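Undergrad: one predicted model, sequence on top.
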Amino acid sequence: MVFWYLFAHNFSTETENLIHAKDHASVQINIGRVDANGHYTGEYDTVAFCGVLRKHGKSDNAMNRYALKKGIMRDV
C-alpha cells in the first residue's frame, strides 16, 4: 500500500514569497463573490499575505491591487 502525502505550500499573493510555518503574522483571507443584487454566490477568492508585508503596513494596498486585478472591486 502506498500513501501519498500532498502538501500545498502557501505563497504570499503580493510578493509571491513562501510563507513559512513560523510566520505567525501571516493571514489568509477569503473574499466572497456577490451578484448584482449583493447576494453571496458561493464563490470566493483566496488572498494570503506574509507577516513582513503586514509589518510594513502594505497589506491594505496589496488587497486593493489584488481586488482591482481580479475585477472584484472597481477603481474608485
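TA: Received, thanks. Numbers count the residues shown, from 1 in each chain.
Undergrad: excluding chain neighbours, what is closest to residue 12?
TA: Excluding its sequence neighbours, the residue lying closest to residue 12 (Cβ to Cβ, 6 or more residues apart in numbering) is residue 50, at 4.0 Å. Any C-beta I mention is one placed from the backbone N, CA and C, and that applies to glycine too.
Undergrad: next one: residue 46
TA: Residue 46 sits nearest to residue 30 (Cβ to Cβ, 6+ apart), 5.4 Å away.
Undergrad: for the most centrally placed residue in the chain, list each beta-bridge partner.
TA: Central residue of the chain (Cα atoms, centre = their mean): residue 47, 0.6 Å from the mean position. Under DSSP bridges, the beta-bridge partners of residue 47 are residue 29.
Undergrad: where exactly do the helices run in this protein?
TA: 51-55, 59-70 (DSSP state H).
Undergrad: just the buried residues of the shortest one, please?
TA: Neighbour-count burial for helix 51-55, with 16 or more other Cβ atoms under 10 Å as criterion, is recorded at 51, 52, 53, 54.
Undergrad: pull the CA atoms of it into PDB?
TA: Output in PDB follows, covering the C-alpha atoms of helix 51-55 (Å, rounded to 0.1, in the frame of the first residue of the first chain):
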ATOM      1  CA  GLY A  51       3.900  38.800   8.000                       C
ATOM      2  CA  VAL A  52       6.600  41.100   6.500                       C
ATOM      3  CA  LEU A  53       4.000  42.700   4.300                       C
ATOM      4  CA  ARG A  54       1.700  43.300   7.200                       C
ATOM      5  CA  LYS A  55       4.500  44.500   9.400                       C
END
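Undergrad: show residues contacting it.
TA: Contact with helix 51-55 is made by 12, 14, 15, 17, 23, 24, 25, 26, 27, 59, 62, as judged by Cβ atoms under 8 Å, 6 or more residues apart in numbering.
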